[in-house]
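K.L.:
Sequence first, predicted coordinates after that:
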Amino acid sequence: MDALTQLNVLGLILSAVLLAMACIKADRIRAWRAGINPSTEELPDAFFVAARVTFVALAGVGIYLSVQGFGVSDARRGMTAS
């Protein structure tokens, strides 16, 4: 596996992590924050919506760039095989 293919696979893995982060429930994050620092103020629901939209958008861009990178990797492989 060449370096470009490894980079594309890493991009897909990071995109999957971002999607997993977007699926975490707000109550779980609130409980985690309260366990670390009980005196913090509550985060509004809009914060979690904005975070989810951001994570999904970044994951989408990462998946798109990885798929495009696989195309470039395949094109390079075809040129060096000749």
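P.N.:
Structure's in. What do you need?

K.L.:
Which stretches in the chain count as helices?
P.N.:
3-22, 26-36, 45-81 (DSSP state H).

K.L.:
Run through the neighbouring helices and strands of the helix or strand of the chain with the lowest mean pLDDT.
P.N.:
The weakest-scoring helix or strand in the chain, judged by mean pLDDT, DSSP states H and E, is helix 45-81 (a mean of 89). Under the contact criterion of 3 or more Cβ pairs under 8 Å, 6 or more residues apart in numbering; DSSP states H and E, helix 45-81 touches helix 3-22, helix 26-36. All C-beta spots, glycine's among them, are computed from the backbone N, C-alpha and C.

K.L.:
Quickly compare the helices of the chain and say which is most buried.
P.N.:
Ranked by mean neighbour count, the helices of the chain are led by helix 3-22 with a mean of 15 (mean count of other Cβ atoms under 10 Å).
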